[in-house]
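>>> Sequence and predicted model, in that order:
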Amino acid sequence: MLIHRRGLLVAAALALPGVARAQSWPTRPIRFIIPFAPGGPVEVPGRFLADRLSQTLGQPVLVETRPGAGGALGIQNVVQSNDGHTFLFTTSSVVILPALMRDPGYDPFRDLVPISQITDAPMAFVARADWPVRDLTDFLAQARANPGRFSYGSSGAGSTTHLGGELLKVRAGIDILHVPYRGAGQAVNALYAGDTDLLVTGLIETQRHVREGRLRAIGVTSPRRSPVLPEVPAIAEQVPGYEISIWYAMFGPRGTPPEVVDLLARELTTQRTGSRLAEQMTASGTELLLDGPGPLAARVAREVPQWKELVRTAGISLE
């Protein structure tokens, strides 16, 4: 009787398409496509989670970097895949590129299936330690009184750091010059050399400089102060509504089965607390999210029109 009952339960489960497909997947190695050059910060959580998924899913998870066109080429590679085992591990550039390019080669709503947010990290506006402007209040007052006097560096035109500066210009009503560089390293060197007054950069990249007293953070871009730099005000304290962050997320291509999305999201959630990644992200001031497809879908829906409006208002163009 017990054997017969078990047989009926197994048969009933396999009769459900979602259960059967989830049990049979994955059938081959999985690929994580990171649409940027090797060695970038997005690889840290990407490789950690790939390793964990390799252990739990029973198939290798391979991380591949596919740089080009600000991330568009790698995203296109995922969108055009049809093997059922290729996924996108990317940054917030995925919702920025449609604002900057007439045709980035994908539609974030039509061609990508949200799986999970991964991390969310604030940025900071930093200056040299000897910069005579005292703090955020002083900077905003002087910038308003002297249009065009100050400049800020970013890691590149169209980057999240660039948009962080443009968003401040629009929300605070100031005019400061944008100077793009090829990556955060060049931008930091330019700041030290005195070529720019400020730098907009990820908190991870400049924490050490700030703690050693070589750079001074005047504001963070999160809506609240960062626990790793609690003495630094959030820009939103003086510029209501100001908020921007660098976030990472995982997507599948259009047609990814819901049961595969659920399986991956569920496996990712197990790393949210108590893992080495969680400890590492907390120490750097980065929030580890791993909260499933719903919050990511909501974020995409919110930010795509937001950045299109900012790009239009600020007159930004990469073409």
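Arrived safely. Numbers count the residues shown, from 1 in each chain.

>>> any idea how far stretch 60-75 is from the chain center?
Taking CA atoms, centre = their mean, to the nearest Å, one finds stretch 60-75 lying 14 Å from the centre of the chain it belongs to.

>>> Same question for stretch 242-257.
8 Å.

>>> State the mean pLDDT of that stretch.
Stretch 242-257 shows a mean pLDDT of 97 in the predicted model.

>>> From here on, call the first residue 30.
Sure thing, new numbering starts at 30, so read that last one as stretch 271-286.

>>> Give the buried residues for it.
By neighbour count on 16 or more other CB atoms under 10 Å, the buried set for stretch 271-286 is 271-282, 285-286. Bear in mind the C-beta positions are built from the backbone N, C-alpha and C, glycine included.

>>> Between those residues, which sits nearest Asp320?
Nearest to Asp320 out of the buried residues of stretch 271-286 is Ala278 (CB to CB; 10.3 Å).

>>> any idea which helix or strand comes after the helix or strand where that closest one lies?
Ala278 belongs to strand 274-282 when assigned by DSSP states H and E. Using DSSP H and E, the next helix or strand after strand 274-282 towards the C-terminus is helix 287-298.

>>> Pull out the buried positions in the next helix or strand after that next one.
Next in sequence after helix 287-298, counting helices and strands by DSSP H and E, comes helix 305-312. Within helix 305-312, the residues that count as buried by 16+ other CB under 10 Å are 306-307, 310.

>>> Helix 305-312 - contacts with which helices or strands?
Applying 3 or more CB pairs under 8 Å, 6 or more residues apart in numbering; DSSP states H and E, one finds that helix 305-312 contacts helix 72-86, strand 316-317.

>>> let's see it at 10 Å
Helices and strands touching helix 305-312, by 3 or more CB pairs under 10 Å, 6 or more residues apart in numbering; DSSP states H and E, are helix 72-86, strand 141-157, helix 232-240, strand 316-317.

>>> what does it rub up against?
Residues from elsewhere that reach helix 305-312 (CB atoms under 10 Å, 6 or more residues apart in numbering): 73-74, 76-78, 80-81, 147-150, 233, 236, 256-257, 300-302, 304, 315-319.

>>> what residue ranges in the stretch 180-329 of the chain are flagged as low confidence?
Within the stretch 180-329 of the chain, no stretch has pLDDT under 70.

>>> Produce a PyMOL select command limited to the buried residues of the contacts of helix 305-312.
Buried subset of the contacts of helix 305-312, written as a PyMOL selection, criterion 16+ other CB under 10 Å:
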select buried, resi 73+74+76+77+78+81+147+148+149+150+233+236+257+300+304+315+316+317+318+319
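
>>> show me what contacts the closest residue to Gly185 other than its chain neighbours?
Leaving aside its chain neighbours, Gly185 sits nearest to Pro209 (5.2 Å; criterion: CB to CB, 6 or more residues apart in numbering). The contact partners of Pro209, taken as CB under 10 Å, 6+ apart, are 182-188, 190-191, 215-216.

>>> show me the contacts for Ile205.
By CB under 10 Å, 6+ apart, the neighbours of Ile205 are 168, 172, 175-181, 194-195, 197-198, 225-227.

>>> That should have said Val73, apologies.
Taking CB under 10 Å, 6+ apart as the test, what Val73 contacts is 148, 233, 277, 306, 309-310, 313, 315.

>>> where along the stretch 130-279 of the chain do the helices fall?
Here the stretch 130-279 of the chain has its helices, by DSSP state H, counting those that start in this stretch, at 165-174, 189-201, 213-222, 232-240.

>>> and Val329, which of the ones you listed is closest to it?
That would be helix 189-201 among these, by CB to CB, at 14.8 Å.

>>> what about the closest residue to Arg301 other than its chain neighbours, which helix or strand?
Closest residue to Arg301 in three dimensions, ignoring its sequence neighbours and counting by CB to CB, 6+ apart: Leu319, at 4.4 Å. If you go by DSSP H and E, Leu319 is not part of any helix or strand.

>>> quick one: Leu319 and Ala326, what's the gap?
15 Å (CB to CB, to the nearest Å).

>>> Around Val107, count how many other residues there are.
24 (other CB atoms under 10 Å).
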